[in-house]
Every structure is written in C-alpha cells, then in structure tokens.
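1. Next one to model:
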Amino acid sequence: MTPPASRTAGSRFAVVGNPENRRVSLFADAVRAAGLPGPRVVAWRDVLREGGADFAPDEIVRVDSPGENPEVDRLLRGATDPTRVEGSARWYARFTAALRSLRGGIRLDDPEELAVLFDKRACHGVLDAAGVPVPASPTSGPGGAPVRGWDDVRGLMREHRMPRLFVKLAHGSSASGVLAVEAGGGGRIRATTSVELAPDGTLHNSLRVRRYDSERDIAGIVDALAPDGLHLERWVPKASQRGRAADLRVVVVAGRATHAVVRTSRTPLTNLHLGGSRGDLATVRHAVGGAGGRWTDVLEVCERAASCFPRTLCVGVDLLPAIGWRRAFVGEVNAFGDLLPRLTGLPGSGAEGLDTYAAQVTAALREPAPPGPLHPYRTGTSHA
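-> I've put the predicted structure just below:
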C-alpha cells in the first residue's frame, strides 16, 4: 500500500525512544519502506540528561517507550536495580516532565494525553465518563477512593462487594505490580502476580507468575506498592478459548481498529511475556457471532476508547470479553501497545498487508482532517 502523497515529498520523521528498542527499529523500517530517509532517533537518555529536545517545524515526531535501558530507568526511577517494582510514581513524574520538554515538530502523541494514558485511575475515569464499558472501579476519576495500603483494599472489597479484583499500580505497565486477588470463605485469600517478594522485603518483576496464599505476604506487597499509587478494578470473568482465559489487544491507528491479536493464558495474566500465547482470531469472530454479537461492534468499542485521546495517533486497547462473548470491557488503553510482530492489518481496516508501524507511517503522511466528532486522523474506511 503506497502512502498518500500529501506529505510524502520532503517529509522527515523523528522518533524519541531507546535506540536499542525493537519498536524503534521496526518503525524505522516502516519509514524507509515508505521511501523516506530513516528517522532521526533522539535517545531518551539524552532528553533526560539535557532537559529536553528540539525538533524542526516540519519533522513528524513519534514518541516511543523509554524501554528497558538501565541508564534511562535509573534517570526516571532513581533505582539501580531494573527489576525493582517500586518507584513508578517517581518514574511517572519524571517521564511526564520529559514529555513536556520536547519542543517543536508535528507531534503524533500529545503529552497531556500520554499523561492520562499512564495513569490508570485517570484513564479509567475518562473512559467511564465517555460511556466506554469498563470494569467497575472505586478508585478511578477525580472522586476515586485513596488506597493507602492493604487495609484500604480490604475495606473497598467489602464496601463494593468485590471478592475478586485486580490491584494495579496506577503508573505501571507490562503487568508490573499487578495482583489478581480472590477472597474466599473462612478468610481465605489468594493473589496471582508476577511480583517476586524477596526475603529482604523488596519487590521484583519476574517472568514467572506465582501465587501467594498468605494474607500477610499479600498485605506486605500491597503496602509496599501503595505509596506509588494503586488502582482497583472488579475482576471480569473472561471468555475462554481452548480452556484458556482470553482477551484481545486491539491497535487503533488514526481512529480505526487496524490490528488485533488474541492473548490466552492459564492464569489471570494474559501478557505474552508472562507465558501467555496467541489465540485464534477467526475463532473469536465466530464465537462473537454465535453469541448474537457483531465483530464490528467489538472493534467499535475499541475505537470509542481511542477517540477519548484524539491527539494521539496510535493506542493499544486491551479488550476483556466476558464469559459467553456477549459483552466486552476495556481494561486499559496503552500508549505503546503496538509491538505485535508478524501481524498485518484487519480486513477492511485500510491497513491490509501493513504491520502496525507501516500503518502509523501511512496515517501520519495524510493531512489530518479538521478536528470534529471523528478522530482528527480518521480515514473513513469501514470494516468488512
């Protein structure tokens, strides 16, 4: 698919990211495939050291994840051990300040919208206010309940009748600090998480999902995370595929759902890096139709979520289909949710044959439509 010509001649891209990140290299490949010179890469470590970065008025600027660079992590979180979970509030404060220090260029990501996307409480509140279906939460929005530790979690579980819920770091990503908590009769409690509680009481991200059955251990983890800010959500029992819990990551580019992948897992955490695996999208579409629903309606929920962030070209929506495939809820909207290797666009999306990065380059080269009820980058294509 050839990019539109409106910005092709003389267009220049720049990307702010970790030069070693796969995302950056894939985006650079997409820029060069469009017949343009490779993007100028501005390293996050240089932005943080130098107090910002400047871009030419005609540079099309894409912001990418700071990634897992140890030096960048130290500059953002102040931590010397990159596996540590704690410090996300400091990371958020420094990251949002760095976003606002980027000057000039044609921005594909809005700093204020990114600040909301990286605060689960604020993001959930924005989605809920816009009528996007989300799991119930007592902590979202400006009137959300504070969570100072495990005692507050226990109290909110009783008050809102939530025996099963997710406890999330407000500024976490990649399931860091997420606990799937289940309370049973007789005071029994269990938490499923990738958090490893070290003997010295410190918390570390692990690639192994584990379960804690001791309330003392669970309380210790939550109490240690609470100073960074916590968000609580009712646990939505998910639909399944081949006996595994299933959800979807749907990438929305320029207001249109362009790519989707099914994630399945034997645990409540479906993240692929934690042992989740890709499911079959055709089977999901069949299940939705068999339940009396329409696949276009499923994608429309994701597009409604993305429309809450009209000045950000691309987001990744985590969609939680409920048991029976009749209803779906938006769990999260991710600013950097586009790393889906070997995946091309959905039929009728306008991104057929394109990966997520080529779809973004194509959309960025279009002249945006005037702001209005549709996303300012929206192309007007329809799904098959």
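2. so Arg263 touches Leu269, yeah?
-> No: using C-beta atoms under 8 Å, Arg263 makes no contact with Leu269, being 9.6 Å away. C-beta here means a position set from N, CA and C on the backbone, and glycine is covered the same way.
3. Residues in contact with both of those two, list them for me.
-> Gly276 (C-beta atoms under 8 Å, 6 or more residues apart in numbering).
4. Please save the CA atoms from stretch 112-124 in CSV.
-> Once non-C-alpha atoms are left out, stretch 112-124 reads as follows in CSV (Å, rounded to 0.1, in the frame of the first residue of the first chain):
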residue,chain,number,x,y,z
GLU,A,112,-1.2,15.6,28.1
GLU,A,113,-3.0,12.6,26.7
LEU,A,114,0.1,10.4,27.3
ALA,A,115,0.0,11.6,30.9
VAL,A,116,-3.6,10.4,31.2
LEU,A,117,-2.8,7.1,29.5
PHE,A,118,0.0,6.4,32.0
ASP,A,119,-2.3,7.0,35.0
LYS,A,120,-4.8,4.1,35.2
ARG,A,121,-7.1,5.9,37.6
ALA,A,122,-7.4,9.0,35.3
CYS,A,123,-7.6,6.9,32.1
HIS,A,124,-10.4,4.7,33.6
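5. Arg285 belongs to a strand, doesn't it?
-> No: per DSSP: H, G, I helix; E, B strand; the rest coil, Arg285 lies outside any strand segment and is helix.
6. who's in contact with stretch 37-57?
-> 12-19, 24, 27-28, 31-32, 59, 61-62, 66-67, 69, 71-72, 75-76, 94, 98, 101-106.
7. Would you show me how to pick out the buried ones of these in PyMOL?
-> Selection of buried members from the contacts of stretch 37-57 for PyMOL, criterion 16 or more other C-beta atoms under 10 Å:
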select buried, resi 12+13+14+15+16+17+18+19+24+27+28+31+59+61+62+66+67+69+72+75+76+94+98+102+105+106
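8. Among the contacts of stretch 37-57, which lie within strands?
-> Using DSSP state E, the subset of these located in strands is 12-17, 59, 61-62, 102-106.
9. Can you lay out these as CSV showing pLDDT and distance to Pro163?
-> Formatted as CSV, the ones in strands among the contacts of stretch 37-57 follow (pLDDT from 0 to 100; distance: C-beta to C-beta, whole Å):
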residue, pLDDT, distance to Pro163
Arg12, 94, 54
Phe13, 97, 49
Ala14, 98, 49
Val15, 97, 45
Val16, 98, 43
Gly17, 96, 41
Glu59, 95, 52
Val61, 97, 46
Arg62, 97, 43
Leu102, 97, 44
Arg103, 97, 49
Gly104, 96, 51
Gly105, 96, 49
Ile106, 95, 49
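10. out of the residues you listed, who's nearest Arg84?
-> Within the ones in strands among the contacts of stretch 37-57, proximity to Arg84 (C-beta to C-beta) peaks at Gly17, which comes in at 22.2 Å.
11. What segments of the stretch 151-300 of the chain are helices?
-> Taking DSSP state H, counting those that start in this stretch as the criterion, the stretch 151-300 of the chain carries its helices at 215-225, 281-290, 295-306.
12. For Arg378, report the pLDDT, please.
-> Predicted confidence (pLDDT) for Arg378: 39.
13. and the spatially most central residue of the chain, what is it in contact with?
-> Note on the chain: the residue nearest the mean C-alpha position is Asn334, at 2.0 Å, using C-alpha atoms, centre = their mean. Residues in contact with Asn334 (C-beta under 8 Å, 6+ apart) are 117, 173, 315-318.
14. In the residues you listed, find the pair that's most separated.
-> Ser173 and Val317 (14.5 Å).
15. Show me which of these two is the more surrounded one.
-> Val317 (26 against 18; other C-beta atoms under 10 Å).
16. List just the nearest of the ones in strands among the contacts of stretch 37-57 to Leu197.
-> Using C-beta to C-beta, those come closest to Leu197 at Gly17, 32.0 Å.
17. Show me where the protein dips below the pLDDT cut-off.
-> For the chain, the stretches with pLDDT under 70 are 1-10, 367-384.
18. Residue most distant from the centroid, it?
-> What lies farthest from the middle of the chain is Gly186; by C-alpha atoms, centre = their mean that is 36.3 Å.
19. what about that one, distance to Met162?
-> For Gly186, the distance to Met162 equals 18 Å [C-beta to C-beta, to the nearest Å].
20. and Leu36, that's in a strand?
-> No: using three-state DSSP, the assignment for Leu36 is coil, not a strand.
21. gap between the nearest residue in space to Asp73 that is not next to it in sequence and Ala170?
-> In this structure, Asp73 finds its nearest non-sequential neighbour in Pro82, 4.9 Å apart by C-beta to C-beta, 6 or more residues apart in numbering. Distance from Pro82 to Ala170, counting by C-beta to C-beta: 20 Å.
22. Between those two, which is the more surrounded one?
-> Ala170 (24 against 15).
23. Who are the contact partners of the more buried one?
-> By C-beta under 8 Å, 6+ apart, the neighbours of Ala170 are 88-89, 92, 119-121, 228-231.
24. most neighbours, which of these?
-> Lys120 (27 neighbours).
25. so that one touches Val330, yeah?
-> No: with contact defined as C-beta under 8 Å, Lys120 does not count as touching Val330 (11.7 Å).
26. buried residues in the helix or strand where Ala56 lies?
-> Using DSSP states H and E, Ala56 sits within strand 53-63. In terms of neighbour count (16+ other C-beta under 10 Å), strand 53-63 has its buried residues at 53, 55, 59-63.
27. Pull the most distant pair out of the residues you listed.
-> Ala53 and Ile60 (14.6 Å).
28. nearest residue to Glu215 other than its sequence neighbours?
-> In space, Glu215 is closest to Ile189, 4.8 Å off (C-beta to C-beta, 6+ apart).
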